[in-house]
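Enquirer: only geometry, no sequence info:
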């Protein structure tokens, strides 16, 4: 109840307007009959409260105009502030299932620092929580929206509630746009975004084919799966690029540091500063000469600035976030700092993890080693499918811990469209850095598992494998414990 009291005090004296759908429901009434209040989203710019009352349940979305550019944007475009409020009423008038608006309000100031809307809770479960959503019903729901000129720019499973009667209902309609007629390009774009969201959660595309089949029944000019996939790939790239850039901005997760003698970026919960880094340099354990040290469960990479040399620590910081949003396991990045002529990249120190060679050598059971090789092959394939190229893809840059493979030393990572040559070079680097404990048959199995999804003839696979071995023979393999002349078959 303390949360209700705090919220009531914060919104006291606000300029309030009721929805015509609920003319007699007031904010005071909701607070007076409240049974419990839960903060379900707590971001810097927006908070969402779930309020249970004896007369029904409500969601209160409270937005804060903290940044100067946000206040300026809302001053120039005041209508944008109430876009969700207006969209909810329009959808209700059009007969489209959506959350019902109750109250809107803003603080009594010339330039409001905060504003809020209250909506009635929709009974049901989110599409994200439903195990086997019906693709035909979703296809019909998409078609209904598009036939009425509705474009949802933020359509994802959490913004759709499936009611007990099976009907789909929209929530969070801030990014909804209503046109007289929806052009085909926008229909494809909307379906592409949903393809990007739904298909990664279901390994096969047959589910989405059913959705698209039900959708196309309502249109003469049908949309093909290939068009939707291309649009989905564009959305995916845009999403990854946007998420990765957040590590260099003030956000709910990261903070920009601009202090005397030190600047950079860090995670908000990470409290290290200049003094802690100086202590780490004095007392830390050297892992790789003077370039990598460990101190208090933190791994610190050090790079001294040079003319015409890129900042390797900054590259590690950016690449760490870029791989994280692609669900590729990496040590958790903690901060990037610039002090004098040196830069530092701080990440989680995985002390209990083993290097790839050490891990594979420790497996003596034949079946378990075969499963480990299979898992490694699928992991490498997934990295390549995500257009991630590690220029230094060696066994000593791969850790194994808690049942997963972890990529380290990220300054050599590039996000690019991988050519066949890039993939072969990566496979050869990895092959040349695996010790003699990995037999020739295990290496053949690795390549077999890696190539499972490729539409290649046996001869094409053989030619690629020969190229991998030809490059392997040019490498210095002895430093990794690999003697090609004594490799067990």
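Expert: Right, received. Where do you want to start? Just so you know, these numbers come straight off a predicted model, no measurement behind them.

Enquirer: contacts for the helix or strand containing residue 444, please.
Expert: When secondary structure is defined using DSSP states H and E, the element that contains residue 444 is helix 440-450. Contacts to helix 440-450, defined as Cβ atoms under 8 Å, 6 or more residues apart in numbering, come from residues 369-370, 373-374, 376-378, 380-381, 427, 431, 434, 461, 464-465, 468, 487-489. Placement of C-beta: from N, CA and C, glycine included.

Enquirer: could you rerun that using 6 Å?
Expert: Residues outside helix 440-450 that contact it (Cβ atoms under 6 Å, 6 or more residues apart in numbering) are 373-374, 377, 381, 465, 487, 489.

Enquirer: now swap in stretch 285-305 and tell me
Expert: Defining contact as Cβ under 6 Å, 6+ apart, one finds that stretch 285-305 is touched by 280, 284, 312-313, 341-347, 349.

Enquirer: residue 330 is in contact with residue 407, isn't it?
Expert: Yes. The pair residue 330 / residue 407 is scored as a contact, 5.4 Å apart, by Cβ atoms under 6 Å.

Enquirer: pLDDT, neighbour count and secondary structure added to the contacts of stretch 285-305, as TSV?
Expert: Formatted as TSV, the entries for these read as follows, by pLDDT from 0 to 100; neighbours: other Cβ atoms under 10 Å; DSSP: H, G, I helix; E, B strand; the rest coil:
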residue	pLDDT	neighbour count	secondary structure
280	92	20	helix
284	90	18	coil
312	92	19	helix
313	94	24	helix
341	88	9	coil
342	91	14	strand
343	94	22	strand
344	95	23	strand
345	95	27	strand
346	95	28	strand
347	94	21	strand
349	93	21	coil
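
Enquirer: what's the closest of these to residue 210?
Expert: Closest approach to residue 210 among the contacts of stretch 285-305 (Cβ to Cβ): residue 347, at 42.9 Å.

Enquirer: just the mean pLDDT for the helix holding residue 444, thanks.
Expert: For helix 440-450, the per-residue pLDDT values average out at 89.

Enquirer: before we move on, the earlier item: so of the contacts of helix 440-450, which ones are in strands?
Expert: For the contacts of helix 440-450, not one is inside strands, with DSSP state E as the criterion.

Enquirer: residue 54: which of the residues you listed is nearest?
Expert: Closest approach between the contacts of helix 440-450 and residue 54, by Cβ to Cβ: residue 381, at 55.3 Å.

Enquirer: need the buried ones from the contacts of helix 440-450 selected in ChimeraX.
Expert: For selection in ChimeraX, the members of the contacts of helix 440-450 meeting the burial criterion (16 or more other Cβ atoms under 10 Å) are listed in this command:
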select :373,374,377,381,465
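
Enquirer: which of the contacts of helix 440-450 lies closest to residue 161?
Expert: Closest approach between those and residue 161, by Cβ to Cβ: residue 381, at 36.1 Å.

Enquirer: for the closest one, what are its contacts?
Expert: With Cβ under 6 Å, 6+ apart as the criterion, the residues that contact residue 381 are residue 450.

Enquirer: and the gap between it and residue 410?
Expert: Residue 381 sits 19 Å away from residue 410, going by Cβ to Cβ, to the nearest Å.

Enquirer: got it, and residue 144?
Expert: Taking Cβ to Cβ as the criterion, residue 144 is separated from residue 410 by 45 Å.

Enquirer: of those two, give the one with the bigger neighbour count.
Expert: The neighbour count for residue 144 versus residue 410, taken as other Cβ atoms under 10 Å, is higher for residue 410 (25 against 17).

Enquirer: ok, and the closest non-adjacent residue to the more buried one?
Expert: Take residue 410 and drop its neighbours on the chain: the residue closest to it by Cβ to Cβ, 6 or more residues apart in numbering is residue 319, 4.2 Å away.

Enquirer: burial measure for the closest residue to residue 64 other than its chain neighbours, as a count.
Expert: Spatially, and ignoring its direct neighbours in sequence, residue 64 is nearest to residue 114 (4.9 Å; Cβ to Cβ, 6+ apart). If you count neighbours by other Cβ under 10 Å, residue 114 ends up with 19.

Enquirer: isn't residue 315 right next to residue 413, touching?
Expert: No. Under the contact definition of Cβ under 6 Å, residue 315 does not touch residue 413, with a separation of 7.7 Å.

Enquirer: which one of these two is surrounded by more residues?
Expert: Set side by side, residue 315 and residue 413 show unequal neighbour counts under other Cβ under 10 Å, the larger going to residue 413 at 25 against 19.
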